[in-house]
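Undergrad: output the structure for:
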Amino acid sequence: MTDIPAQQPGRDLRPDTDRVWDPLVRIFHWSLLGFFAFAYVTGDEWDWAHERAGYIVASLIAIRIVWGMVGSKHARFSDFIYRPTIVLAYLKDTIAMRAKRYMGHNPAGGAMVVALILVILGISVSGYMMTMDMFWGEEWVEDIHEIFVNGTLILIALHVVGVAVASFEHKENLVKSMIMGRKRRN
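TA: Alright, predicted model coming up:
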């Protein structure tokens, strides 16, 4: 019979992983996905629901911007915003399948976070403008709104590809880590 060591209070049950994504980052990420998708599918069909989802998305972005300044280590912009030359070098290394692994966002992921926040802010501002008397019925505002939405869809597709490539390259499930909040060490 083998002895099983007694569980000690506060002992990490997953010693081979580290907590990376705090609950706010994870809730933000999946909520943003859900409400953006809902706003997208209701865009031309259900104005009331589309606008409410848009306000929720804008609120989520505002919360994330604040959390990017005061949140946990890997949530802070200072942890994952890199110079463009570093982002480009990282992408080049990724193509060669020799990119360095990061515990938080890698340089390309950090750039994607910033890009998504900016285009979703553009969607939010142009969407709000469409409800104002000053811009009511202005086609150029609707065109800008649509351009930002389409830009977001392109960025989402690139994000999914980037997650798949990084997961393959580093032999880890990044989707699972964004659900569970933990990544393996090393």
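Undergrad: what residue ranges in the protein score low on pLDDT?
TA: Applying pLDDT under 70 to the chain flags residues 1-15.
Undergrad: longest helix of the chain?
TA: helix 139-170 (DSSP state H).
Undergrad: quick one: buried residues of that helix?
TA: By neighbour count on 16 or more other C-beta atoms under 10 Å, the buried set for helix 139-170 is 141, 144-145, 148-149, 151-152, 155-156, 159, 162-163, 165-166, 170. C-beta coordinates here come from the backbone N, C-alpha and C atoms, glycine included.
Undergrad: for this protein, just list every one of the strands.
TA: For the chain, the strands defined by DSSP state E cover 17-19, 182-184.
Undergrad: give me the number of residues near residue 37?
TA: 12 (other C-beta atoms under 10 Å).
Undergrad: ok, it to residue 24 distance?
TA: The gap separating residue 37 from residue 24 is 20 Å, by C-beta to C-beta, to the nearest Å.
Undergrad: name the residues of stretch 111-123 that come out as buried.
TA: Per 16+ other C-beta under 10 Å, stretch 111-123 contains these buried residues: 111, 112, 113, 115, 116, 117, 119, 120, 121, 122, 123.
Undergrad: figure out how far it is from the centre of its chain.
TA: Chain-centre distance of stretch 111-123: 9 Å, with C-alpha atoms, centre = their mean, to the nearest Å.
Undergrad: give me every residue that touches residue 53.
TA: Contacts for residue 53 (C-beta atoms under 8 Å, 6 or more residues apart in numbering) come out as 35, 36, 38, 39, 42.
Undergrad: picking that back up, wait, which of the buried residues of helix 139-170 is closest to residue 57?
TA: Ranked by distance to residue 57 (C-beta to C-beta), these are led by residue 152 at 10.1 Å.
Undergrad: what are the ranges of the helices in this protein?
TA: 23-42, 47-70, 77-80, 84-95, 107-129, 139-170, 174-180.
Undergrad: closest to residue 16 out of the ones you listed?
TA: Closest approach to residue 16 among the helices of the chain (C-beta to C-beta): helix 174-180, 13.0 Å.
Undergrad: now do the buried residues in that closest one.
TA: 174, 177, 178.
Undergrad: can you put those in a markdown table and add distance to residue 107?
TA: Output for the buried residues of helix 174-180, formatted as a markdown table (distance: C-beta to C-beta, whole Å):
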| residue | distance to residue 107 |
| --- | --- |
| 174 | 15 |
| 177 | 18 |
| 178 | 18 |
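Undergrad: closest to residue 54 out of these?
TA: Once C-beta to C-beta is applied, the member of the buried residues of helix 174-180 that ends up nearest residue 54 is residue 178, at 23.5 Å.
Undergrad: ok, the spatially closest residue to residue 77 that is not a sequence neighbour - contacts?
TA: Among residues not flanking residue 77 along the chain, residue 68 sits closest, at 4.4 Å (C-beta to C-beta, 6 or more residues apart in numbering). Contacts here follow C-beta under 8 Å, 6+ apart; on that basis residue 68 touches 75, 76, 77.
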